[in-house]
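J.: Give me the fold of what follows.
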Amino acid sequence: MEGTGFAQSMGAFGKMLKIQEAITENLPKSKVPWNESRKFLKSITIDDIKATSLYKFHVGLFKKFGLGNLQLIGFAPMNYIYGVAKCPVCSLYPALNNQKVCTATTDALYRFFTEALEIECNVEEIECVKNGDSACKFKVGLQPISAYKILIDEIDKNILTGQSPLDIDSTEYKKRIELLSIYKLIEENKMSEIGKTYMQYAGNLSYQEKVFDPPWKKHEELESIAKEKGTFGAAFGAMKDKSTNKEGNSQKIPSEENLFTKAKPTNNGNDSAKNSEPNTSTSKGDSFSDLLSKMKKKK
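T.: Numbering: from 1, shown residues only. As a prediction, this is how the structure comes out:
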């Protein structure tokens, strides 16, 4: 039985390595421009969020990682609950029960938000099949200032400071007021204390938003061409011709470095801003090596 336990442990280790290799290979190529993250953050219902290209890309990426069918099942401003039915990570730990074991999914969610979207967050597995729950569920809590920096554009800043925004109609203006109210930046039709704190903090930031194609653009173009040409083979040929024509004028692919140059913010003694500073800590639970050790002890 001891040999069987060792074989199971090594099998689990091999599968986990494949997951980690897939994450290492694909995550650096998954950086998302702020304009797409902004659409995601401005969606305030689950259906609206699921309709965004970013969400569809996120779900597909986690399948590619080998982490199963990730789905958004709960939402409140700054908080997202994801669920995975029949989570493949749980099957890696047959000897472990009465505990949460999906460290790989927790880590991947944390890295996706912080690295691909550049939004600081905390991630926690709140339910796990191995702990007797019906599905594995994960809560992603965004750090407010980190999210605000992407959510709020120049038009929103004008609204917050009482200036008349240009180039938007009354319908768009009302939508923006509603969104800023949902995110607690406006209360009773005027800037809230949270809004004032953020604007003070934002005044000390220096960054330039970079514009580049989202990682899913080529796939969407391929699907569109395939519908026109009738086959994916023809679509690949058309994409190759298009790429050749653009050679020399193509946009530089963003590097793994931070896409935005930021000046170090100063607090100016404001406690609220200090308390709102992004925290990179996350609830990750046991590491894979810890779980592997527990499996051996169970035998």
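J.: pLDDT below threshold where in the stretch 1-150 of the chain?
T.: Residues of the stretch 1-150 of the chain that meet the criterion pLDDT under 70 lie in 1-9, 11.
J.: Strands of that one, residue ranges please.
T.: With DSSP state E, counting those that start in this stretch as the definition, the stretch 1-150 of the chain shows strands at residue ranges 70-76, 79-84, 121-127, 136-142.
J.: Tabulate the ones you listed (a markdown table), appending distance to residue 100 and mean neighbour count.
T.: C-betas here are computed from N, CA, C, even on glycine. Written out in a markdown table, the entries for those read as follows (distance: least, CB to CB, whole Å; neighbours: other CB atoms under 10 Å):
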| stretch | distance to residue 100 | mean neighbour count |
| --- | --- | --- |
| strand 70-76 | 16 | 16 |
| strand 79-84 | 12 | 20 |
| strand 121-127 | 5 | 20 |
| strand 136-142 | 8 | 22 |
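J.: can I get those in CSV with distance to residue 150?
T.: Conversion of the strands of the stretch 1-150 of the chain to CSV gives the following (distance: least, CB to CB, whole Å):
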stretch, distance to residue 150
strand 70-76, 17
strand 79-84, 15
strand 121-127, 12
strand 136-142, 10
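J.: Apart from its chain neighbours, what residue comes closest to the residue most central in space within the chain?
T.: Among the residues of the chain, the smallest C-alpha distance to the mean C-alpha position (CA atoms, centre = their mean) belongs to residue 113, namely 3.2 Å. Spatial nearest neighbour of residue 113, excluding adjacent residues (CB to CB, 6 or more residues apart in numbering): residue 121 at 4.6 Å.
J.: that older thread, contacting residues around the residue nearest to the centre of the chain?
T.: Contacts of residue 113 were listed using CB atoms under 8 Å, 6 or more residues apart in numbering, and they are 119, 120, 121, 123, 140, 142.
J.: Show me where the chain has its helices.
T.: Read by DSSP state H, the chain holds these helices, from start to end of the chain: 2-26, 34-42, 46-50, 53-65, 103-111, 144-151, 154-160, 170-182, 193-202, 217-229, 232-245, 271-275, 288-298.
J.: In the second one, which residues are buried?
T.: Using 16 or more other CB atoms under 10 Å as the burial criterion, the residues of helix 34-42 that qualify are 34, 36, 37, 38, 39, 40, 41, 42.
J.: Sweet, I'm off.
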